[in-house]
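Engineer: Show me the folded form of this:
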Amino acid sequence: MTKRPFITVLLILFCFCLLPVNGFGQTEAKILNIDFNLVGEDIVITYDIVNYAPGEKFDITIKVITESGKKLDVRSLTGNIGRNIGGGKNKTVTWDFKNDNIKLSEGIYVEVIAESLLVIEKPKSPKKKSLGGAFVKSLAFPGWGNSSISGGPYWLFGFAGYGCVAGSVLCNMQSAQSLEDYKASLDIDERNQLFSDAESQDQLSTILLAGAAAIWITDITILLIKGNKPKNLTYNQNEIVPTIGYAIDPISKSPLMTLKITF
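Structural biologist: Residues are numbered from 1 along each chain as shown. This next block holds a predicted model:
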């Protein structure tokens, strides 16, 4: 029987705290049955890893502290030590303490520490959209802001709006040309026709421009209504945030809808 008068063999009930990689989740694995014994010229440390998840791996480290509180520089370790150690029973680590130039003259405490390498990803919360950014998009192209927030064919507003603007500009140019031709014509019937054409083209230009304005207002109104339900929207105090409200015309006493933009 080997005599070990200089070694106090202790069963350490070490509190095993597994720190999940990157702070995600928490493993249920535990280290139990930590023990160590002198075998020949080495100290053999044994432990069990229980309650581990399928495929879960661990980073195992060993700390050795003397009874007086001195932490020993333990390097000559072999066996179930280091990274990618699987769970299970009867894990062993062999410590060649003489190779570390350590002379044991008092009792020691052995701690087996494990860090789980199992990554449990945290569910990603849906990315919130900016109301101010959507508002600027809709100002540039009707429907763009609404499409960026909730999807859908709101981009059709843009083609319709810019189509009305283009049509209004074209009709206005035709009206101006008809008016110039009217002034230059000497034929009474032709003059009457040209003047009538100029009026019709000018009216159509006004209607198309009003239609474009209506499309812009409709799109922005829809966007502001969505902004009152900010489930997927965020607000930044440094961004342009439009607000919609109501007021009374002091002259006509009729209700008005107001649009406030804070820069």
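
Engineer: going forward, measure contacts between C-alpha atoms and count neighbours the same way
Structural biologist: Fine.

Engineer: now the strands for the protein?
Structural biologist: Taking DSSP state E as the criterion, the chain carries its strands at 30-39, 42-50, 57-66, 77-79, 82-86, 88-95, 108-116, 129-130, 233-234, 241-248, 255-262.

Engineer: Just the buried positions in the first one, please.
Structural biologist: Along strand 30-39, the positions that meet the burial threshold by neighbour count (16 or more other C-alpha atoms under 10 Å) are 30-32, 34-38.

Engineer: Would you format these as a markdown table with distance to Y182 included?
Structural biologist: Shown next, in a markdown table, are the buried residues of strand 30-39 (distance: C-alpha to C-alpha, whole Å):
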| residue | distance to Y182 |
| --- | --- |
| K30 | 97 |
| I31 | 100 |
| L32 | 103 |
| I34 | 106 |
| D35 | 110 |
| F36 | 111 |
| N37 | 115 |
| L38 | 117 |
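
Engineer: nearest to L156, of these?
Structural biologist: K30 (60.1 Å; C-alpha to C-alpha).

Engineer: got a pLDDT number for the closest one?
Structural biologist: In the predicted model, K30 carries a pLDDT score of 86.

Engineer: How about Q177?
Structural biologist: 91.

Engineer: give me the number of residues near it?
Structural biologist: The local packing count at Q177 equals 15, with neighbours defined by other C-alpha atoms under 10 Å.

Engineer: who touches the closest residue to it other than its chain neighbours in this structure?
Structural biologist: Of all residues not flanking Q177 in the chain, A198 sits nearest, at 7.9 Å (C-alpha to C-alpha, 6 or more residues apart in numbering). Taking C-alpha atoms under 8 Å, 6 or more residues apart in numbering as the contact definition, A198 lies against 174-179.

Engineer: same check, this time on F97
Structural biologist: With contact set as C-alpha under 8 Å, 6+ apart, F97 has these partners: 42-43, 74, 76, 103.

Engineer: Pick the most buried one from the strands of the chain.
Structural biologist: strand 108-116 (a mean of 21; mean count of other C-alpha atoms under 10 Å).

Engineer: Report the angle between it and strand 57-66.
Structural biologist: Taking axes from the mean of the first three to the mean of the last three C-alpha atoms, to 10 degrees, one finds strand 108-116 and strand 57-66 inclined to each other by 160 degrees.

Engineer: now, which of the contacts of A198 sits nearest I49?
Structural biologist: Of all the contacts of A198, Q174 has the smallest distance to I49: 87.0 Å, by C-alpha to C-alpha.

Engineer: ok, that closest one - how many residues close by?
Structural biologist: Taking other C-alpha under 10 Å as the criterion, the count of residues near Q174 is 17.

Engineer: And the furthest pair within the contacts of F97?
Structural biologist: Spanning the widest gap among the contacts of F97 are S76 and K103, at 13.9 Å by C-alpha to C-alpha.

Engineer: Of all the strands of the chain, which one comes closest to S185?
Structural biologist: In terms of C-alpha to C-alpha, the element of the strands of the chain nearest to S185 is strand 255-262, at 47.1 Å.

Engineer: Just to check, E199 is in contact with S175?
Structural biologist: Yes. In this structure, E199 sits in contact with S175. The criterion is C-alpha atoms under 8 Å, and the distance is 7.0 Å.

Engineer: Who has more neighbours out of those two?
Structural biologist: The residue with more neighbours, out of E199 and S175, is S175; 24 against 17, by other C-alpha under 10 Å.

Engineer: Return the distance of that one relative to G211.
Structural biologist: Separation of S175 from G211 (C-alpha to C-alpha, to the nearest Å) stands at 18 Å.

Engineer: Could you do E106 as well?
Structural biologist: For E106, the distance to G211 under the criterion C-alpha to C-alpha works out to 94 Å.
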